[in-house]
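> Coordinates for the following, if possible.
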Amino acid sequence: MEIIILEGTPKTPTVEFKPLEGYLLLRGRSIPENSIEFYKPLIDGLEAYNQNPQPTTNVDIQLEYFNTSSSKCVLDVLKKLEVINGNSKVTINWYYEEDDEDMLEAGEDYQAIINVPFKMVEVEE
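Predicted coordinates:
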């Protein structure tokens, strides 16, 4: 299992996936030219991680904005985490700014679809 570290850009989020620590971070803006291509290494990495996951897996999602194609890819990531949750205790921390109703609703929508514990974490701007 490989560590995945991608520095964020104005169009792509910071991604840190550390399988040996059972940790995943998505932070920033997600409006890549090709969302499927951008998220594929992470989705593949999560699939490999599920073969031998840590006892607990902590996920921090701190997205300030994502486009429609990214929302589908984020759902794909969350679905992989749902599968992993059968073998590892997965916790998803969904961060949103205090006045960002859209990002809070997005987290709640994902929470309704995915059978993994979510913690909604309000942060100051």
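
> Would you mark the buried spots in the strand ranked longest in the chain?
When the chain is parsed with DSSP state E, its longest strand is strand 56-66. Within strand 56-66, the residues that count as buried by 16 or more other CB atoms under 10 Å are 57, 58, 59, 60, 61, 62, 63, 66. Using the backbone N, CA and C atoms, a C-beta is placed for each residue, glycine as well.

> could those residues go into JSON lines alongside distance to residue 97 and pLDDT?
As requested, the buried residues of strand 56-66 are exported to JSON lines (distance: CB to CB, whole Å; pLDDT from 0 to 100):
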{"residue": "57", "distance to residue 97": "25", "pLDDT": "98"}
{"residue": "58", "distance to residue 97": "21", "pLDDT": "98"}
{"residue": "59", "distance to residue 97": "19", "pLDDT": "98"}
{"residue": "60", "distance to residue 97": "15", "pLDDT": "98"}
{"residue": "61", "distance to residue 97": "13", "pLDDT": "98"}
{"residue": "62", "distance to residue 97": "10", "pLDDT": "97"}
{"residue": "63", "distance to residue 97": "11", "pLDDT": "97"}
{"residue": "66", "distance to residue 97": "14", "pLDDT": "97"}
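
> Name every strand pairing with the longest strand of the chain and say which way it goes.
In the sheet, strand 56-66 lines up against strand 23-30 (parallel), strand 89-97 (parallel) (DSSP bridges).

> how far is the shortest one from where the chain is centred?
What it means is strand 23-30. 6 Å (CA atoms, centre = their mean, to the nearest Å).
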